[in-house]
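1. Here's a sequence, model it:
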Amino acid sequence: MNTEGAPQPGPYPVEVRRSARRRRTVSVDLRDGVAVVSIPASFSARQEKQWVERMVARLHAKSVRPAHSESGLSERAEALSAQFLQGRGLPSSIRWVTNQNSRWGSATPVSRSIRLSHKLQGMPDWVIDYVILHEMAHLIEPSHNEAFWALLKGYPQTETAKAFLLGAAYAADHGLSGR
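-> Purely as a prediction, here's the structure:
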């Protein structure tokens, strides 16, 4: 736990939790307005201070992201659902994330949430629309079976977008750039 009188970096009060089970990872969660930073028990006071500052800064950066980008995603999902999924598959939340390194998007049917990789930003709209539709289809049909692919049949750019994403992944994996 954080000691009394310790400096509190950033806009949040901080609680530090040391864990004997943690070896290398550090995480931060905002719980009831308190930044809870979990660190390995083996960290020195200096390491603790550095990591607390880093993680609280990361948490603060997330909280000040412009809200319009998230609401724009919701509106986009509504329009795509109406046009291609007969109004089905609407997520309760849809947002950009920076922690998806091997997927373009992910969906959690239980919570009806969709997360999109920030790596999609800057790609053509029809590619982003495909990924949104793909994840909304997972809210209706969780697996990649025939019923799932039938849901995407109406989107005319499905195959082109899949090919584009394969090419983008290949280029990223091999350090290629289009310039």
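2. Now the residue nearest to the spatial centre of the chain. Nearest residue, chain neighbours left out?
-> What sits nearest the mean C-alpha location of the chain, by CA atoms, centre = their mean, is Val97, with 2.5 Å. Take Val97 and drop its neighbours on the chain: the residue closest to it by CB to CB, 6 or more residues apart in numbering is Arg115, 4.5 Å away. Every C-beta, even on glycine, is put in place using the N, C-alpha and C of the backbone.
3. Contacts for the host helix or strand of that neighbour next, please.
-> Here Arg115 sits within strand 113-117, counting by DSSP states H and E. For strand 113-117, the external contacting residues (CB atoms under 8 Å, 6 or more residues apart in numbering) are 73, 77, 91-98, 100-101, 103-108, 128, 131-132, 135-136, 139.
4. Next, the angle from the following helix or strand past that strand to strand 113-117.
-> Per DSSP H and E, the first helix or strand lying C-terminal to strand 113-117 is helix 125-140. Angle, helix 125-140 to strand 113-117, by axes from the mean of the first three to the mean of the last three CA atoms, to 10 degrees: 150 degrees.
5. Return the alpha-carbon coordinates of helix 125-140 using PDB.
-> Extracted C-alpha coordinates of helix 125-140, given in PDB (Å, rounded to 0.1, in the frame of the first residue of the first chain):
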ATOM      1  CA  ASP A 125     -13.000   4.000 -44.200                       C
ATOM      2  CA  TRP A 126     -14.200   0.800 -46.000                       C
ATOM      3  CA  VAL A 127     -11.500  -1.200 -44.200                       C
ATOM      4  CA  ILE A 128     -12.500   0.200 -40.800                       C
ATOM      5  CA  ASP A 129     -16.200  -0.400 -41.700                       C
ATOM      6  CA  TYR A 130     -15.400  -4.000 -42.400                       C
ATOM      7  CA  VAL A 131     -13.600  -4.500 -39.100                       C
ATOM      8  CA  ILE A 132     -16.600  -2.900 -37.200                       C
ATOM      9  CA  LEU A 133     -19.000  -5.100 -39.100                       C
ATOM     10  CA  HIS A 134     -16.900  -8.200 -38.500                       C
ATOM     11  CA  GLU A 135     -16.900  -7.500 -34.800                       C
ATOM     12  CA  MET A 136     -20.600  -6.700 -34.700                       C
ATOM     13  CA  ALA A 137     -21.200 -10.000 -36.500                       C
ATOM     14  CA  HIS A 138     -19.400 -11.700 -33.600                       C
ATOM     15  CA  LEU A 139     -21.900 -10.100 -31.200                       C
ATOM     16  CA  ILE A 140     -24.600 -12.100 -33.100                       C
END
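6. Okay then, goodbye and thanks.
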